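Student: Quick one, structure for this:
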Amino acid sequence: MKELLDLYDAFLFDMDGVLRRGNHGIPGANETLKAIRKHEKPFLILTNDAANTPALVWERLRRAGIDASDAEILTASQVILDYLGSRFPKGSRVISIAAEGVSDMLQGIGMEILPSDDIRTTYHKANLVVVCSTVRLNFELVNAAVNAIRKYQIPLLVANSDYLIPGNNDEVRVGPGAIIEIIEKITDVKAIGTGKPFSPIFDLALKRLGVQRKNTLMVGDSLLSDIRGGSHYGLDTLLVLTGLHKEGDVEEAMTKSGIFPTYILPSVAL
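Tutor: Residues are numbered from 1 along each chain as shown. Predicted coordinates:
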């Protein structure tokens, strides 16, 4: 990793599986961020976590021993808010399959969230469906989303298409990608993605950093999300083996997916 610090002018880091895993920081990750700051090079932590506010993400990083400011964090929820705010008018009615905090943020930019308790009788009012990370999946909302999209052809937006999210003790959590696949297959409508691997998060990241694609490195643990997204966007990519992929399975995973990073390292440690 030390050689890459000299080779690139800016860095984009995934969070889970790269800088932290569960409640613990990845060994050496914080020291790498300090070294980048010492080199006076910009970086952003890009997380597909759309269930929490940026302040909560910052607090979780801090508790894991990772020092980062709010300005160094870009969440999938921030990206989807930026996307919606520039394309949908205030007062748009939303079926929100997301954590409560995300629904609150949607209301904060003027969106109207249709209440889940009577969604069976109000889904016809919806202007769009938004899917983000949630630990309490409400299938009444999923059913309403499917019917609204099928009947009224309203758009379907997803913060990210991650199927799995790394957790504690080598456990994983089901991500929004699994929910989206159900809705897409039933409705035959393709979701509009804003987080990794889709371009809006990279557009906003490079805009915030004030850098170009050339000489910017995307660092991640997921071939399907981080590496695919960075590669499609024209960035060099580094896959680290501290998250979803390990040394024993990474070759098979690359061959099966057809996705190959520019570099592979055991971790982000120097």
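
Student: In the stretch 1-150 of the chain, what residue spans correspond to strands?
Tutor: Remark: strands assigned in the stretch 1-150 of the chain by DSSP state E, counting those that start in this stretch are 10-14, 20-21, 24-25, 43-47, 73-75, 93-97, 112-113, 128-131.

Student: Redo those strands as a markdown table? Include mean neighbour count.
Tutor: Backbone N, C-alpha and C define where each C-beta goes, glycine included. Below are the strands of the stretch 1-150 of the chain laid out as a markdown table (neighbours: other Cβ atoms under 10 Å):
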| stretch | mean neighbour count |
| --- | --- |
| strand 10-14 | 25 |
| strand 20-21 | 22 |
| strand 24-25 | 15 |
| strand 43-47 | 25 |
| strand 73-75 | 24 |
| strand 93-97 | 24 |
| strand 112-113 | 17 |
| strand 128-131 | 26 |
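
Student: Of all those, which one comes closest to G248?
Tutor: strand 20-21 (17.4 Å; Cβ to Cβ).

Student: Return the distance of the closest one from the chain's centre.
Tutor: 15 Å (Cα atoms, centre = their mean, to the nearest Å).

Student: With stretch 93-106 instead?
Tutor: Counting by Cα atoms, centre = their mean, stretch 93-106 comes out at 16 Å from the chain centroid.

Student: now stretch 209-223
Tutor: Per Cα atoms, centre = their mean, the centroid offset for stretch 209-223 relative to its chain is 14 Å.

Student: Please export the C-alpha coordinates of that stretch as CSV.
Tutor: Output in CSV follows, covering the C-alpha atoms of stretch 209-223 (Å, rounded to 0.1, in the frame of the first residue of the first chain):
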residue,chain,number,x,y,z
LEU,A,209,-12.6,16.2,-3.8
GLY,A,210,-12.1,18.4,-6.8
VAL,A,211,-10.1,15.7,-8.7
GLN,A,212,-10.3,13.9,-12.0
ARG,A,213,-10.7,10.1,-12.6
LYS,A,214,-7.1,9.8,-13.7
ASN,A,215,-4.7,9.0,-10.8
THR,A,216,-7.6,8.3,-8.4
LEU,A,217,-7.6,4.9,-6.7
MET,A,218,-10.8,3.1,-5.5
VAL,A,219,-10.1,0.7,-2.6
GLY,A,220,-12.7,-1.9,-1.7
ASP,A,221,-13.4,-5.5,-0.5
SER,A,222,-16.2,-6.3,-2.9
LEU,A,223,-15.7,-7.3,-6.5
